[in-house]
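Undergrad: Prediction below, plus the sequence it came from.
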Amino acid sequence: MSHSDDDLYREQSINFLELIWGQGYLSPGGPQEVARLLANIDLTAKRVLDIGCGAGGITLSLARDYGAASVVGIDVESPVCDTARKLIEDAGFSDQIEIHKVIPGPFPFADQTFDIVFSKDSIVHITDKEALAAEAFRVLKPGGWFVASDWLISHDHEPSAQMKQYIALEGLDFAMASPGRYQRALENAGFANVALHNRNAWYCEQAKLELSELSGSRREEFESVVGIDLLQSNINIWTAMVKVLETGEHCPHHFRGQKPG
Ligand SMILES: C[S@@+](CC[C@H](N)C(=O)[O-])C[C@H]1O[C@@H](n2cnc3c(N)ncnc32)[C@H](O)[C@@H]1O
């Protein structure tokens, strides 16, 4: 698997996250959380863009389980793109699903290419939420939905000391923004029917379960796959994350908006 020193999601981290959330899933909740995110959105025979497709589990599911005619997954890192391509090829979906490694910034697609723009827990890595919303709007066909889950911070002020400590431990390029900023970015891009839904209560409980598995019931299994050092650093991350989930400052959200028809 090819990687560069700048990659944040390398083979070991991919293996670790898949052990928690399932093969091809690099974010919480597995298929059940994707189903909740996609409630009342019909993907049948649609052309779908998946922003930040990661290891491809959800990208595959959008075609295999939701009936999308075609899915294009985009990501900025080679190891996750390689993993996703293999998963999709092994599942026999290479005709319907393409994975593109892209450079951050405007999407390499023409206006009005997609019926649905989807994203799961990836926009947290993109600093310019306004430009991202404008790009999602541009590549959607009229009437199409932008449906996403992401990791937000509850306010527009300086993060608390606990939150700064958590973000530093993650070691990822998190650019967390508030629900208000997301709402304004979507509305200013032109989206109608904008709705946000706070998933903090759910993920707070879920993350505590994950932490108890990492540090207790599944510790040996994790240690055998990723080694004691990576496991311990993730236990430290989860411990810090649970604290900011408990205060509500770390507040994963679902959000959606529709391009007027
Ligand atoms: C937490 S993972 C989620 C992956 C996948 N959506 C899932 O839920 O399993 C975040 C992904 O966003 C990708 N990413 C980071 N910056 C990006 C950007 N500017 N455009 C697209 N993807 C990006 C990362 O490489 C990583 O694969």
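TA: Perfect, thanks for sending it.

Undergrad: need the strands for the stretch 1-150 of the chain, in chain order.
TA: Secondary structure of the stretch 1-150 of the chain (DSSP state E, counting those that start in this stretch): strands located at 47-51, 70-75, 97-101, 114-120, 140-150.

Undergrad: Identify the residue nearest residue 137 in space, chain neighbours excluded?
TA: residue 189 (4.3 Å; CB to CB, 6 or more residues apart in numbering). For glycine as for every other residue, the C-beta is placed from the backbone atoms N, C-alpha and C.

Undergrad: What count of nearby residues applies to the one you found?
TA: Residue 189: 21 surrounding residues under other CB atoms under 10 Å.

Undergrad: quick one: it from the ligand, how far?
TA: In this view, residue 189 and the ligand are 17 Å apart by CB to the nearest ligand atom, to the nearest Å.

Undergrad: With residue 159 instead?
TA: Computed as CB to the nearest ligand atom, the residue 159 to the ligand distance reads 19 Å.

Undergrad: OK, contacts around residue 23?
TA: By CB atoms under 8 Å, 6 or more residues apart in numbering, the contact set of residue 23 is 55, 57, 87.

Undergrad: Name only those of these that count as buried.
TA: Among these, those classed as buried by neighbour count (16 or more other CB atoms under 10 Å) are 55, 57, 87.

Undergrad: out of these, which touch the ligand?
TA: Near the ligand, taking CB under 6 Å from any ligand atom as the test, the members of the buried ones among the contacts of residue 23 found are residue 57.

Undergrad: I'd like to know which elements the host helix or strand of residue 229 is packed against.
TA: Taking DSSP states H and E as the definition, residue 229 sits inside helix 219-246. Helices and strands touching helix 219-246, by 3 or more CB pairs under 8 Å, 6 or more residues apart in numbering; DSSP states H and E, are helix 11-21, helix 161-170, helix 200-212.

Undergrad: what's residue 68 in contact with, if anything?
TA: Residues in contact with residue 68 (CB under 8 Å, 6+ apart) are 43-48, 62, 96, 116.

Undergrad: Enumerate the residues of this protein near the ligand.
TA: Residues of the chain lying near the ligand (CB under 6 Å from any ligand atom): 9, 25-27, 51-54, 57-58, 74-77, 80, 104, 120-122, 125-126.

Undergrad: try 5 Å this time
TA: Within the chain, the positions lying close to the ligand (CB under 5 Å from any ligand atom) are 25-27, 52, 54, 75-77, 80, 104, 120-122, 125-126.

Undergrad: List the contacts of the residue nearest to residue 66 when sequence neighbours are not counted.
TA: Taking CB to CB, 6+ apart as the measure, residue 66 lies nearest to residue 43, with 4.0 Å between them; neighbours along the chain are not counted. Under the criterion of CB under 8 Å, 6+ apart, the contact list for residue 43 reads 62, 66-68, 116.

Undergrad: Mind putting the residues you listed into a markdown table with pLDDT?
TA: A markdown table is the format used below for those (pLDDT from 0 to 100):
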| residue | pLDDT |
| --- | --- |
| 62 | 98 |
| 66 | 98 |
| 67 | 98 |
| 68 | 98 |
| 116 | 98 |
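
Undergrad: Just confirm residue 120 contacts residue 151, I think it does.
TA: No. Under the contact definition of CB atoms under 8 Å, residue 120 does not touch residue 151, with a separation of 10.4 Å.

Undergrad: of these two, who's got more company?
TA: Comparing residue 120 with residue 151 by neighbour count (other CB under 10 Å), the higher total belongs to residue 120, at 26 against 23.

Undergrad: Can you spell out which residues form a bridge with the more buried one?
TA: Per DSSP bridges, residues listed as beta-bridge partners of residue 120: residue 149.

Undergrad: Report the spatially nearest residue to the residue of the stretch 51-200 of the chain found nearest the ligand, omitting neighbours in sequence.
TA: Distance from the ligand to each residue of the stretch 51-200 of the chain (CB to the nearest ligand atom) is smallest for residue 54, at 2.5 Å. Counting by CB to CB, 6+ apart, residue 26 is the residue found nearest to residue 54 once chain neighbours are left out, at 4.1 Å.
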